[in-house]
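Below are the sequence and a predicted model; questions follow.
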Amino acid sequence: MNAAGVEQKLAALRPATHDRYIAGLQVYVVGGAVRDALLGLPAGDQDWVVVGATPEAMQARGFIPVGGDFPVFLHPRTKEEYALARTERKSGRGYQGFTFYTGTEVTLEDDLRRRDLTINAMALGATGGIVDPLHGQDDLEAKLLRHVGQAFVEDPVRLLRLARFAARFSTFSIATETEQLAKQLVADGEVDALVPERIWQELRKALHTQAPWRFVQVLESVQATQRVMPGLQYDARVEQALQLAVQRNLDSVQRYAVLCAVSDAPLDLANRIRASAECRDLSQLMSVSLTHAALEQDATADTQLQWLEKVDALRRPDRFALLLGALACYRHVEDALWLQRLNAVLQVDAASIARQYAGQGPQIRAAVQAARVMVLSGLMTH
């Protein structure tokens, strides 16, 4: 995007001077919104910081307090979050082990220096240029992911965010000293304090990017994979399959299933990181399907039916279609033919057969199975 286009995006971000609720306050939009505007990317959520105000002053203006560890307020009209500028000090293990300070003397620069990466440590006020004390614009130009300060090693979430930004900005490299700090974070055991919900939150975002494999590459490079996603088996085959999933524009649920397909216990992994139910189930189905005999060229109609039933395709045809797409990233799968087979099986009138064998449970089951095998056999002769 040209300079005029970037300036237009920046202008659209600036705090509205006509907003009576923030008039007279030192309000800045910070972080990702500024970064993405400079990159010419679509605007996402905006993070707001207020400098020099007290919680009492914010509430007097009608802002609604919602913060837990530090003062955050909802704008009375837009409901966007406005946080008071703050500093932080390490006081315990993990990403929650911090004490925050939000006195009126805390400056914008103080607040920016507590952030993770330089490209996320820029701010924009109602007037004037970009506030960039850590040279984030230079790192954007150099396509470099660089930590803000030594405090990077104190917060394990910063490792996950580094990995996620590496996936989102796939042409960016990681500064050598930042990678060293990430390794120290792992070696010091901070990574073990990560809660499953935060791991899943960052992984889910990475799966939506155009290079989700970089998320795992970063974890691998700092020996954190088994600490963050225990049991994940990741090698060149998995990476190639994941790249194919992106090329084919598979959704994030399918990408997760592809990522975990060859792991020994995908269900345990999914439960460990609190993956969504859809991701958990599809990854488990991938695991039992990859080497199933039904996918071989010489599979019998009986075997084909066994697989359709094993993956619950008759009750969940939409999920079965997702499964086929994910499987095709690892091996040849005739999607259209399998959907034809499923449709043929679904056409079998089980209700009519049940009436014919009323009260004879085993006979009903056997007759329905025989009818389904027959239609599958019929497709094999064409």
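Yes, it's here.

backbone phi and psi for Lys116, please?
Not quite, residue 116 is Asp, not Lys. Phi and psi for Asp116, reported as degrees, to the nearest 10, are phi -80, psi -60.

Could you find the closest non-adjacent residue to it?
Closest residue to Asp116 in three dimensions, ignoring its sequence neighbours and counting by CB to CB, 6 or more residues apart in numbering: Arg158, at 4.6 Å. Yep, even glycine has a C-beta here, placed from its N, CA and C like the rest.

Next, the contact list for the one you found, please.
For Arg158, the contact set (CB atoms under 8 Å, 6 or more residues apart in numbering) comprises Asp116, His147, Phe152, Ala182, Leu185.

which of the residues in the helix of greatest length in the chain are buried?
Of all segments of type helix in the chain, defined using DSSP state H, the longest is helix 361-380. When burial is assessed from 16 or more other CB atoms under 10 Å, helix 361-380 yields the following buried residues: Ile364, Ala367, Val368, Gln369, Ala371, Arg372, Val373, Val375, Leu376.

Of all pairs in the residues you listed, which one spans the longest distance?
The most widely separated members of those, counting by CB to CB, are Ile364 and Leu376 (18.9 Å).

for stretch 249-268, how far is the first residue from the last?
Chord length of stretch 249-268, first to last residue, is 27 Å (CA to CA, to the nearest Å).

buried residues in it?
Judged by neighbour count using 16+ other CB under 10 Å, the buried positions of stretch 249-268 are 250, 252-263, 265-267.

Just the closest of those residues to Pro65, please.
In terms of CB to CB, no member of the buried residues of stretch 249-268 lies closer to Pro65 than Ser252, at 34.0 Å.

Show the contacting residues for the closest one.
Applying CB under 8 Å, 6+ apart, one finds that Ser252 lies in contact with Arg204, Leu207, His208, Cys279.

go on, Val153?
When the contact criterion is CB under 8 Å, 6+ apart, the partners of Val153 are Leu181, Gln184, Leu185, Asp188, Glu190.

if you go through the stretch 1-150 of the chain in chain order, where are the strands?
Remark: strands assigned in the stretch 1-150 of the chain by DSSP state E, counting those that start in this stretch are 26-30, 47-51, 64-65, 72-74, 81-84, 87-90, 98-101, 123-125, 130-131, 144-145.

Export these to a markdown table and append columns for mean pLDDT, distance to Leu323 and mean neighbour count.
Below are those laid out as a markdown table (pLDDT from 0 to 100; distance: least, CB to CB, whole Å; neighbours: other CB atoms under 10 Å):
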| stretch | mean pLDDT | distance to Leu323 | mean neighbour count |
| --- | --- | --- | --- |
| strand 26-30 | 95 | 42 | 22 |
| strand 47-51 | 94 | 38 | 21 |
| strand 64-65 | 94 | 45 | 13 |
| strand 72-74 | 94 | 42 | 20 |
| strand 81-84 | 94 | 39 | 22 |
| strand 87-90 | 70 | 45 | 15 |
| strand 98-101 | 72 | 43 | 16 |
| strand 123-125 | 94 | 46 | 22 |
| strand 130-131 | 94 | 47 | 16 |
| strand 144-145 | 98 | 35 | 21 |
